[in-house]
Every structure is written in structure tokens, then in C-alpha cells.
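sequence first, predicted model second:
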Amino acid sequence: MSTKRLQKELKSLHKSPLSNPTIVARPLESNILEWHYLLEGAAGSPYEGGKYWGKLIFPKEYPLKPPGVMMLTPSGRFRPNRRLCLSMSDFHPESWNPMWSVATILTGLNSFMLGNDPTTGSMDATAAQRKKLAAASMDWNVKDATFCKLFPDEADEHKKLMAERRKNQPATAAVSTTDRRRLTSGGVGVGVVGDGDMMRRLYAVGAGLVAVLSILFALWPK
């Protein structure tokens, strides 16, 4: 029952993608009972710019029983890789409606994410923390080979952006420990003294000392 129903939903999604274009969902090739989704953070929210990867684990009794729902990408809203207690998840089989589908589940998850209602699997975080996690979400996602295999277009696009980012970073001059010791002016860095300059200064100081000693020796009473 579950396989036929999910195959039907997959065909339906191929013909008519989710009404919310910021959500993508597809099953594992090896197991149609495990679906993975990629949810884009809503504009104007602390999650804006973030892309959140998660999965739905369907029971063999689906659609008579609801799936387990997890989010894998750190978001500040849900604990990563924890089953979430939602009205459309396996925490609440009594509220499950067999007419609901993958699209219904992910639309509900997206709406719940934008709220602050606590539930099993949720967590507290500031808006600033969630924005920081949103900015780093794809960096985190592309480190996982499973994500890159499931969402190759998104992964390749982000890897190109990462390469451009590294390419455009300004080069910083490395200062060796020896050079740092040569910084003068009472500990305030005013420049790095080269080896040639240092040797010339040492010779000049030595010559000055020899001249002073010669004068003192000449004036010393015999």
C-alpha cells in the first residue's frame, strides 16, 4: 500500500511540483519509504537565505499511519536529526489524516518552522543565531555526500560559489616569528627590519663603541 501510494505521489510531483517552489522533495532511489526534502527559508524571517535539508520516514502502513519527520541542517528552530512532534508526524497518529500527502506534510512543517511554539525536537535560539545558521546552512549541507547525491544541482552551484569566495578573498601577508621580533618602537609595529639592515645597524653600533673606547683610553691617566 505504502509503495503504491508514494509512487503515485512521486509521479504527481514530477507533473506538478509543490505549490511552494521553495520546497523540493524526492525519495531515495534504494528506498521509496525514505524521502528527503530541501526547504528554503522564508523571506523576511531569520531563516531567509538558508536551505534546510531533512527527511521523512514513512511506515509500511502509510497512508494509514503518519511518517517520522526530521530536519538535518542546523536551523536554531529544530534539533538536527531528531524526530519532530508535529500534528502530521508519527508523534500524533490520532490527528493524522490519510488524505494528507508529502506536499501537505512539508507545507505544514514550513509553517510550523516560522512560529515559536515549543515541541519535542524544537529548540530556542535568538534571531541573530538563526540568521548565522541560515548563512552557513549550505556550507554544512555540501559536506555530506548523501546531500550532494540527492540534490546535485544545488550542491554544485554552492560549491562554485565557495570556490569564487575563496578566490576573491584578499591575500594576507604572513609575518614570521623572527620578523615579529624585529618590530620596533616600544612594541608598536612600525615595520619589519630586514637582515641586511640589521647587520648594518649592528656594525654602526660596534664602530661607535670602538671609537668611544679609543678616546677614553687616550685620555686615561698614564
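It's in.

where do the strands sit along this protein?
Applying DSSP state E to the chain gives strands spanning 23-27, 34-40, 51-57, 68-71.

quick one: average pLDDT of stretch 122-131?
Mean pLDDT, computed over stretch 122-131, is 97.

buried ones in that stretch?
Under the neighbour-count criterion of 16 or more other C-beta atoms under 10 Å, stretch 122-131 has 122, 125, 130, 131 buried. Every C-beta, even on glycine, is put in place using the N, C-alpha and C of the backbone.

follow-up on the earlier one: out of the strands of the chain, nearest to residue 79?
Residue 79 lies closest to strand 68-71 among the strands of the chain, at 8.3 Å (C-beta to C-beta).

now do the same contact list for the residue nearest the centre of the chain.
The chain has residue 136 as the residue nearest its centroid, 2.8 Å off, counting by C-alpha atoms, centre = their mean. Counting by C-beta atoms under 8 Å, 6 or more residues apart in numbering, residue 136 touches residue 74.

state the distance from it to residue 143.
According to C-beta to C-beta, to the nearest Å, residue 136 stands 11 Å off from residue 143.

how about the strands of the chain in TSV, adding mean neighbour count?
Shown next, in TSV, are these (neighbours: other C-beta atoms under 10 Å):
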stretch	mean neighbour count
strand 23-27	19
strand 34-40	21
strand 51-57	22
strand 68-71	21
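
closest one to residue 150 among those?
strand 34-40 (5.1 Å).

and the closest one, what other elements does it pack with?
Contacts defined by 3 or more C-beta pairs under 8 Å, 6 or more residues apart in numbering; DSSP states H and E place strand 34-40 against strand 23-27, strand 51-57, helix 102-113.

pull the CA atoms of the shortest one into PDB?
Okay, so that is strand 23-27. What follows is strand 23-27, C-alpha atoms only, in PDB (Å, rounded to 0.1, in the frame of the first residue of the first chain):
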ATOM      1  CA  ILE A  23      10.400  23.200  -1.200                       C
ATOM      2  CA  VAL A  24      11.900  20.200  -3.100                       C
ATOM      3  CA  ALA A  25      11.300  16.600  -2.200                       C
ATOM      4  CA  ARG A  26      12.400  13.200  -3.500                       C
ATOM      5  CA  PRO A  27      12.800   9.600  -2.300                       C
END
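
what mean pLDDT does that strand have?
Averaging pLDDT along strand 23-27 yields 93.

kindly report the same for the last one.
In this model, helix 102-113 has an average pLDDT of 94.

from residue 76, how far off is the residue nearest to residue 147 when sequence neighbours are not counted?
Spatial nearest neighbour of residue 147, excluding adjacent residues (C-beta to C-beta, 6 or more residues apart in numbering): residue 141 at 4.8 Å. To residue 76, residue 141 is 15 Å away according to C-beta to C-beta.
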